[in-house]
Each structure stands twice: as structure tokens, then as C-alpha cells.
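Peer 1: Sequence plus the predicted model coming up.
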Amino acid sequence: MRRVALIYNPASGQYSASRQAAIREAATALQGAGVEVIILETSGPGTGTGRAREAVEQGCDAVIACGGDGTVHELAQALVGTEIGLGVLPLGTANALAADLGLIAPPAQVARKLLEADRVRIPVGRIHYTDCSGAPAWRYFVVAAGIGPDALLMYRMDWRLKRRLGYLLYLLEATRIWATHPFPLFEARVAENGTGVTQTLEVSQLLAVRIRSFGGALRQLAPGATLHNAHLHLIAFRTRSRLQYMRFLLAVLAGRHSFNGSVQLLEASSVECRAPRESRGRLFAEADGEVLGSAPVRLEVVSDALTLLVPAGATP
């Protein structure tokens with residue numbers, strides 16, 4: 001790396017002073033290795049993409065997302081299709097990609113790992129959805145995308161409370177949704193990977209997972225999923241039962257989850273989801289922890305899309 005942009009979201013994570021110190025520590029480590037460092041701050045939701053484009057225009061050969069998965073998501077929108085490397089300095093509330101890459105470490109140590117990282121081309125997911133104005137839109141995603149209760153969870157998150165409470169707010173809102181949400185069924189048309197066969201399922205939740213491990217309690221949520229897959233690993237909840245949801249979650253926490261008729265693991269080339277006609281509410285969609293819009297939704301994979309900085313020895 002010769003010139004690197006460190007891009008951070010001042011609203012990401014909980015402690016602004018410690019986040020600023022971490023960025024300075026990483027910048028110092030990079031500069032000590034002879035790398036020119038540019039530090040750019042986002043000014044609001046969605047502005048990370050513009051900052052990443054600015055970094056590209058300034059001749060950076062790598063951009064480091066200093067934040068969580070939401071910051072990674074915004075920067076990836078500008079970097080897909082370029083040769084610019086994307087790295088991660090985990091400073092957010094949710095740092096699943098960093099965990100998958102083995103980058104949960106002190107800032108200077110992460111910077112040194114990124115200096116020696118391999119530049120690996122990976123596929124990314126693409127999600128088509130309906131935005132808040134009712135217009136069709138699409139985004140790339142790196143970690144995961146979801147349709148159903150998990151997207152509703154992101155929709156309900158208050159960024160001010162998220163900044164104060166961090167991961168605790170996820171747990172509180174998830175519990176409230178589990179206790180009160182009716183888990184309505186919607187239609188998912190799944191194009192099976194490699195066969196061309198399409199099957200139609202009724203599901204209450206669909207997750208498309210792109211990483212091997214989320215770290216922490218979730219760990220390997222979807223066995224077989226990796227950043228290198230050119231297809232989707234789908235977790236389909238074919239149930240409205242709160243008990244089945246709870247059983248699956250407890251099994252995930254224990255590292256003993258399996259897949260059966262209620263919760264299935266599928267490999268697909270694409271999937272389309274539509275809200276039921278009788279639905280009284282919107283069927284929300286999220287990607288990389290960011291609520292985007294609502295159904296109808298289509299998920300697919302874009303091959304050879306993004307250059308990722310993968311630390312030596314990591315097996316994402």
C-alpha cells in the first residue's frame with residue numbers, strides 16, 4: 001500500500017473519544033511503514049459511499065472502513081468493480097466481517113495485519129428492493145442480507161440509543177420482536193444453485209449469508225458459507241412458531257444448530273421475495289445490517305466484484 005484512506009463514521013460504535021484514538025493509532029502504524037494516510041469523516045447516512053469515491057479520485061490504492069458492517073457496506077458501493085482494496089478496522093457495534101477476517105484486535109495490530117494482507121478478489125451479493133419513495137433500487141452486500149424480522153429489527157433501531165447502548169439495544173429489540181411480531185409468511189422463489197430448478201417456499205424470514213463466521217455468539221450461522229462462494233447460502237425459516245425460532249437461536253448459541261423442515265439451509269443462484277397480498281405492513285429488507293427498503297426483493301451474486309484485504313493466514 002502506498003496511499004490509504006481511513007474513512008470513519010462518527011456515529012458508529014459507542015465511544016467517540018476512544019474511536020478517534022484508535023484511528024490515530026492505526027494511522028501512526030501505517031505511516032511508520034511509509035504509507036501516506038488520508039483520514040476522511042462521513043457526515044451522515046449514505047455519505048460513506050461519496051467519501052470512498054473521493055478516496056479513489058485522490059489516488060488511494062486501499063480504503064479502510066473504520067467502523068462496523070454498516071460502514072463497510074457504504075464504502076463497498078463505491079469500490080465494487082475497481083481494483084482498490086477494502087480493509088476493515090473494527091470500531092462499530094456489529095463487526096461481523098472483521099471477525100470473519102480475524103481482525104478483532106488492537107488498532108495498531110490490525111493496521112500491521114492489513115499492511116501484510118493479500119489482495120483477494122471476491123464475489124459480492126446484490127439486493128434489489130423498493131426504496132422508501134416506492135422506486136426500484138439496488139445495493140451490493142458483503143456480509144449478509146435479510147428479509148423479514150431481522151430487517152424489521154434494523155428498521156426499529158434508534159441510532160441515538162444504539163450509540164449509547166450498543167449491542168444491548170439489538171438484544172432488547174430482538175426480544176420485543178420475538179414476543180410481539182406475528183411472523184407472517186411470504187413467498188420466496190428460490191432458483192437452486194447449479195440445477196436451474198426453481199422452488200417456491202412460504203417463509204417468515206430469509207437470510208442470505210456471505211461469511212463463514214460472525215464471531216461472538218453467532219459464530220458459524222450458515223455452515224458452508226464463505227466470501228468466496230459464487231452462490232447464495234440461504235437460511236429459510238418455514239415457520240411462524242416463536243418456539244421454533246427460540247430453539248434455533250439457542251442451538252446457534254450452543255454451536256449445535258441443525259436444519260430441518262422448519263429451518264432449512266439452501267444453496268441458490270438467486271431468490272425473489274414478495275409480500276403476501278393480505279399483508280397489513282411492509283416486508284422490510286436489510287443488507288449488512290442496514291435497512292434499505294421493502295419487498296419485492298431479489299437477491300443474486302456478482303462474481304469477481306471486490307478486492308478485499310485479507311490478512312495472511314485468514315481463511316474466510
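Peer 2: Thanks, I have it.
Peer 1: Please make it C-alpha for all contacts and neighbour counts, starting now.
Peer 2: Will do.
Peer 1: From Gln244, how far out is Pro223?
Peer 2: 19 Å (CA to CA, to the nearest Å).
Peer 1: now Leu97: how far from Gly67?
Peer 2: 11 Å.
Peer 1: shared neighbours, the two?
Peer 2: Common neighbours of Leu97 and Gly67, counting by CA atoms under 8 Å, 6 or more residues apart in numbering, are Val88.
Peer 1: what about dumping the CA coordinates of stretch 140-150 to PDB?
Peer 2: Taking Å, rounded to 0.1, in the frame of the first residue of the first chain, the C-alpha atoms of stretch 140-150 are listed here in PDB:
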ATOM      1  CA  TYR A 140     -24.200  -4.600  -3.100                       C
ATOM      2  CA  PHE A 141     -23.700  -6.500   0.200                       C
ATOM      3  CA  VAL A 142     -20.700  -8.200   1.700                       C
ATOM      4  CA  VAL A 143     -21.800  -9.900   5.000                       C
ATOM      5  CA  ALA A 144     -25.500 -10.800   4.700                       C
ATOM      6  CA  ALA A 145     -28.900  -9.700   3.600                       C
ATOM      7  CA  GLY A 146     -32.300 -10.400   5.200                       C
ATOM      8  CA  ILE A 147     -36.000 -10.200   4.500                       C
ATOM      9  CA  GLY A 148     -38.400 -10.300   7.400                       C
ATOM     10  CA  PRO A 149     -38.000  -9.900  11.200                       C
ATOM     11  CA  ASP A 150     -34.200  -9.200  11.100                       C
END
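Peer 1: Is the nearest residue to Val142 once chain neighbours are set aside in a helix, a strand, or coil?
Peer 2: Closest residue to Val142 apart from its sequence neighbours, by CA to CA, 6 or more residues apart in numbering: Val124 at 5.5 Å. Following DSSP: H, G, I helix; E, B strand; the rest coil, Val124 is assigned to strand.
Peer 1: Help me confirm that Val124 comes into contact with Ser303.
Peer 2: Yes. Applying CA atoms under 8 Å, one finds Val124 in contact with Ser303, separated by 6.7 Å.
Peer 1: Any idea how many residues pack against the residue nearest to Val142?
Peer 2: Residues near Val124, counting by other CA atoms under 10 Å, number 26.
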